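# Sequence and predicted model, in that order:
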Amino acid sequence: MTGHTRLYRRGATYYHRAVVPKDIINSYEKREETFSLRTKDRGEALQRVRVEAVRVDKLFAKHRRDQAGIKLTAPKPALSELTLDQIARTKRAYLHHLLDEDEDIRLDGFYDPEDHSAQLFETPRPTFEERQSGIEESDAFTRANLARGKRDVFLRSEAEEVFNLGPY
């Protein structure tokens, strides 16, 4: 069984021992955080030391924040409704995102089967008509899902991209 850097034994009892990090040692009240894990069983001690190591690391992080005068605020609760202003801003942000995306596609250019002098690209490009058809199909699919109350993975990924959210 592998050990843990903060686990040590005194007599038959296991202890947690963590040296206070150098960046806070001058302002921290102790030089190390040492306490009994209240077990003589090595397996149990390994489980407990991992939990306690996280707790102690949080204590160190809190001490750093306190020294820097940083206060964590609780996240605001989720809204049950959006205001008209929030809806308008969200709509503008999404439309801006769509326009940026569309501009990138247009700058890459469309494939024109009638232009025999066109440069060939490694990645196939759609024709303008294929792009337009794809948008219409996607719109119809999205409307059908919304009408049925189904969650759409694509729309969720769009929202994450527009608002720079992490995956849910």
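Yes, it's here. Numbers count the residues shown, from 1 in each chain.
# Mind listing the strands the lengthiest strand in the chain pairs with, and their directions?
In terms of residue count, the longest strand belonging to the chain (DSSP state E) is strand 13-19. The pairing partners recorded for strand 13-19 under DSSP bridges are strand 7-10 (antiparallel), strand 32-36 (antiparallel).
# mind putting the ones you listed in CSV, mean neighbour count, distance to D152 and mean pLDDT included?
Quick note: C-beta positions are derived from backbone N, CA and C, even for glycine. Shown next, in CSV, are the strands paired with strand 13-19 (neighbours: other C-beta atoms under 10 Å; distance: least, C-beta to C-beta, whole Å; pLDDT from 0 to 100):
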stretch, mean neighbour count, distance to D152, mean pLDDT
strand 7-10, 14, 49, 93
strand 32-36, 14, 49, 94
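# Relative to D66, which of these is closest?
Checking the strands paired with strand 13-19 against D66 by C-beta to C-beta gives strand 32-36 as the closest, at 16.0 Å.
# Could you identify the helix or strand that succeeds that closest one?
Where DSSP states H and E defines the elements, the next helix or strand beyond strand 32-36 is helix 42-68.
# roughly how far is the following helix or strand past that following helix from the heart of the chain?
Next helix or strand after helix 42-68 toward the C-terminus (DSSP H and E): helix 84-108. Helix 84-108 sits 22 Å away from the centroid of its parent chain (C-alpha atoms, centre = their mean, to the nearest Å).
# Mind checking what helix or strand follows helix 84-108 in sequence?
Counting by DSSP H and E, the element after helix 84-108 in chain order, helix or strand, is helix 128-148.
# Just the angle for that next one relative to helix 84-108, thanks.
150 degrees (axes from the mean of the first three to the mean of the last three C-alpha atoms, to 10 degrees).
# which residues make contact with helix 128-148 from outside it?
For helix 128-148, the external contacting residues (C-beta atoms under 8 Å, 6 or more residues apart in numbering) are I105, F110, P126, R151, D152, F154, L155.
# contacting residues for the third one?
Spelled out, that is P126. Taking C-beta under 8 Å, 6+ apart as the criterion, P126 is in contact with F110, Y111, G134.
# Ok, the second one next?
For F110, the contact set (C-beta under 8 Å, 6+ apart) comprises R125, P126, T127, F128, R131.
# Skipping adjacent residues, who's closest to it in space?
F128 (4.6 Å; C-beta to C-beta, 6 or more residues apart in numbering).
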